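Trainee: model this:
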Amino acid sequence: MGLRVEAGDAPDASVTRVPDTSEWLVLAALLHDIGKPATAADGHFIGHAEVGARMAADVLQRLRWSAAAVATVALLIREHMFQFRPAWTDAAAPRDSSWKWLWTA
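Mentor: All right, here's what the predicted structure looks like:
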């Protein structure tokens, strides 16, 4: 089951179905700052990505999402503050096994 997109809503009218894993991306987008209230101090939210990843995992487990969905959403939330540097070579970009699904999609 994937999210349905109407042709008029998509940036490219040829897109009519979003892959199932996009639901995980939507969950990550909705929950990515869930850790901010727990880490708020002096106008900063240091560590909110790590705290938010744990909180989101707990929420998704209670809602009985699959282990793969929980792990992927938590990874996306934990890493959402990552800053890519255009000067990096392909060898320097992080491509560990936890990101394998992204490179093969």
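Trainee: what ranges do the helices span in the protein?
Mentor: Using DSSP state H, the helices found in the chain span residues 22-31, 36-39, 48-62, 67-78, 100-104.
Trainee: Mind putting the ones you listed into TSV with mean pLDDT?
Mentor: What follows is these, written out as TSV (pLDDT from 0 to 100):
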stretch	mean pLDDT
helix 22-31	89
helix 36-39	92
helix 48-62	95
helix 67-78	91
helix 100-104	52
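Trainee: Now mean neighbour count too, for the ones you listed, in a markdown table please.
Mentor: C-beta coordinates here come from the backbone N, C-alpha and C atoms, glycine included. Below are the helices of the chain laid out as a markdown table (neighbours: other CB atoms under 10 Å):
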| stretch | mean neighbour count |
| --- | --- |
| helix 22-31 | 17 |
| helix 36-39 | 14 |
| helix 48-62 | 18 |
| helix 67-78 | 20 |
| helix 100-104 | 10 |
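Trainee: and those helices as CSV, adding distance to Pro86?
Mentor: Formatted as CSV, these follow (distance: least, CB to CB, whole Å):
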stretch, distance to Pro86
helix 22-31, 23
helix 36-39, 28
helix 48-62, 22
helix 67-78, 21
helix 100-104, 18
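Trainee: can you list contacts of stretch 74-81?
Mentor: Contact with stretch 74-81 is made by 24-25, 28, 31-32, 34-35, 49-50, 52-54, 56-57, 60, 98-99, as judged by CB atoms under 8 Å, 6 or more residues apart in numbering.
Trainee: swap the cut-off to 7 Å and go again
Mentor: Applying CB atoms under 7 Å, 6 or more residues apart in numbering, the contact partners of stretch 74-81 are Leu25, Ala28, Leu31, His32, Ala49, Glu50, Gly52, Ala53, Ala56, Ala57, Ser98.
Trainee: The fifth one: what's it in contact with?
Mentor: Going by CB under 7 Å, 6+ apart, Ala49 touches Gly35, Ile77, Arg78, His80, Met81.
Trainee: Now it: closest residue in space, sequence neighbours ignored.
Mentor: Spatially, and ignoring its direct neighbours in sequence, Ala49 is nearest to Met81 (4.9 Å; CB to CB, 6 or more residues apart in numbering).
Trainee: Please apply the same query to the third one.
Mentor: Spatially, and ignoring its direct neighbours in sequence, Leu31 is nearest to Ala56 (4.3 Å; CB to CB, 6+ apart).
Trainee: No more questions from me, cheers.
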